[in-house]
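K.L.:
give me the fold of what follows.
(one chain, ligands or ions: 1)
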Amino acid sequence: MYSAAAYSAAVPRRPAPDVSTPVSELHDTPFLRACRGEPTERTPVWFMRQAGRALPEYRKLRAGTAMLDSCRDPAMVTEITLQPVRRFHPDAAILFSDIVLPLVAIGVDLDIVAGVGPVIADPVRDHGGLARLRPLFGDDVAYVAEAVRTLVAELGSIPLIGFAGAPFTLASYLVEGGPSRTHARTKALMYGQPVLWHELLERLADIAVGFLRVQIEAGVSAVQLFDSWAGALDEADYRRYVLPHSQRVLDAVRDGGVPRIHFGVNTGELLGAMAEAGADVVGVDWRVPLDEAARRIGPARAVQGNLDPTAVFAPEHVLAEKVRDVCARGAKADGHVFNLGHGVLPETDPGVLAHIVDLVHEA
Ligand code: CP3
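P.N.:
Numbering: from 1, shown residues only. So this is what the prediction gives:
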């Protein structure tokens, strides 16, 4: 007998895209093909932080609205996500949001302070702090789902990337109370209270899974797990204290049927271990050439990266040479998505980003 519940349990989580965009049209875009390690007619390119501070139209729109308020306003999220797409014609869009948004959504007293980053009123350093972290439910971030649905319809055949912060990077903000260069308090908790540490990372993994599932169910074509600060750890500590949790996040969203990208900064020594966490695509910062990165990552995984974000300030011929070098080395991997090695710097001339898109497509 037909049962709607049984039917929806049997089908993949991702709802059918708008009829105006045939599934195959998105499915066969250079970005999604490269993520799956399939040949592409051109190297796909998008930029981490392509939506945001480098764009005058973004600064104008955001004037007078706090960062977190803008993330909770679907119309604003939609417009900000589309701004760089109109300008650069990248091969993918990334949802405008922040990795700390789900923490705010479960009631963590957190503010994003201009020029500083996320600042937390009551850092999590003991069992009491842990107890304050409740699970994330889909309704907590309904505004994100709404923005994703609108964007998927607006973007048509341009894939939309959703994302979440990985357990370690979220833990660092929660434990430190804000950005940290050394992650000293985070590591003190990790080494000194390993049971509490693993409980904390388990909760943060569940929150990341919840946040990614909301976005997958609303229709994103790929997801990226940002473990921006994982490079603070040596490989042994990464394997012991972090890898199982990131692995669980990536495993839990596998049935979403969209490529999973896993990225961190300064992770040259961790690339092999990060690849074991199970993503389809491993993001690489600019410190390790992509052919060497692909060797460390191993076969059957695509790579993403890895132009130095400061290369945009180089003379044109130097920039062009660097872009071509990244493309040539990336071509040796089983799939390459061009990106910067970390986010677009605020001082970047948007015209240079548009030029990089052309250079990558011509390479
Ligand atoms: O472009 C902008 O910076 C303006 C909007 C903004 C974002 N986050 C967008 C964002 C602002 C002001 C923030 C606050 C914030 N959150 C900062 C920046 C502090 C500053 O003033 O420079 C930081 C470092 C965070 C924490 C955070 N958010 C991390 C570590 C990451 C992962 C990516 C990275 O840079 O390592 C994010 C994700 C993030 N923040 C995204 C966006 C649009 C999504 C990813 C992307 O667009 O590539």
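K.L.:
what does the stretch 1-150 of the chain have sitting close to the ligand?
P.N.:
48-49, 51-53, 67, 94, 96, 98-100, 112, 114-115, 117-118 (CB under 6 Å from any ligand atom). C-beta: built from backbone N, CA, C; applies to glycine.
K.L.:
recalculate using a threshold of 5 Å.
P.N.:
Within the stretch 1-150 of the chain, the positions adjacent to the ligand are 48-49, 52-53, 67, 94, 96, 98-99, 112, 117 by CB under 5 Å from any ligand atom.
K.L.:
buried subset of these?
P.N.:
Among these, the ones that count as buried by 16 or more other CB atoms under 10 Å are 48-49, 52, 67, 94, 96, 98-99, 112.
K.L.:
can I get those in JSON lines including secondary structure and pLDDT?
P.N.:
Formatted as JSON lines, these follow (DSSP: H, G, I helix; E, B strand; the rest coil; pLDDT from 0 to 100):
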{"residue": "Met48", "secondary structure": "coil", "pLDDT": "98"}
{"residue": "Arg49", "secondary structure": "coil", "pLDDT": "98"}
{"residue": "Gly52", "secondary structure": "coil", "pLDDT": "94"}
{"residue": "Met67", "secondary structure": "helix", "pLDDT": "96"}
{"residue": "Ile94", "secondary structure": "strand", "pLDDT": "98"}
{"residue": "Phe96", "secondary structure": "coil", "pLDDT": "98"}
{"residue": "Asp98", "secondary structure": "coil", "pLDDT": "98"}
{"residue": "Ile99", "secondary structure": "coil", "pLDDT": "98"}
{"residue": "Ile112", "secondary structure": "strand", "pLDDT": "96"}
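K.L.:
and for Pro39, the neighbour number?
P.N.:
8 (other CB atoms under 10 Å).
K.L.:
so who does the spatially closest residue to it that is not a sequence neighbour touch?
P.N.:
Leaving aside its chain neighbours, Pro39 sits nearest to Arg33 (7.2 Å; criterion: CB to CB, 6 or more residues apart in numbering). By CB atoms under 8 Å, 6 or more residues apart in numbering, the residues touching Arg33 are 39-40, 44, 335.
K.L.:
can I assume Arg33 sits in a helix?
P.N.:
Yes: under DSSP: H, G, I helix; E, B strand; the rest coil, Arg33 sits within a helix.
K.L.:
out of the buried ones among the residues of the stretch 1-150 of the chain next to the ligand, the closest to Pro179 would be?
P.N.:
Ile112 (10.7 Å; CB to CB).
K.L.:
list the residues that contact the closest one.
P.N.:
66-68, 98, 100, 118-119.
K.L.:
where does the protein get nearest to the ligand, residue-wise?
P.N.:
Closest approach of the chain to the ligand (CB to the nearest ligand atom) occurs at Gly52, with a separation of 2.2 Å.
K.L.:
save the buried ones among the residues of the stretch 1-150 of the chain next to the ligand as TSV, and put in distance to Tyr191 too.
P.N.:
Conversion of these to TSV gives the following (distance: CB to CB, whole Å):
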residue	distance to Tyr191
Met48	31
Arg49	32
Gly52	35
Met67	33
Ile94	34
Phe96	36
Asp98	29
Ile99	24
Ile112	29
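K.L.:
ok so, going back, adding secondary structure and pLDDT, write the contacts of Arg33 out as JSON lines.
P.N.:
Formatted as JSON lines, those follow (three-state DSSP; pLDDT from 0 to 100):
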{"residue": "Pro39", "secondary structure": "coil", "pLDDT": "96"}
{"residue": "Thr40", "secondary structure": "coil", "pLDDT": "97"}
{"residue": "Pro44", "secondary structure": "coil", "pLDDT": "98"}
{"residue": "Gly335", "secondary structure": "coil", "pLDDT": "98"}
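K.L.:
determine which two of those residues are furthest apart.
P.N.:
Top of the distance list for the contacts of Arg33 (CB to CB): Pro39 and Pro44, 12.0 Å.
K.L.:
host element of Val337?
P.N.:
According to DSSP states H and E, Val337 maps onto strand 336-340.
K.L.:
repeat for Gln304
P.N.:
strand 302-307.
K.L.:
what do you get for Val223?
P.N.:
Counting by DSSP H and E, Val223 is part of strand 222-226.
K.L.:
residues touching Met274, list them.
P.N.:
227, 230, 238, 243, 246, 262, 264, 267, 282, 297.
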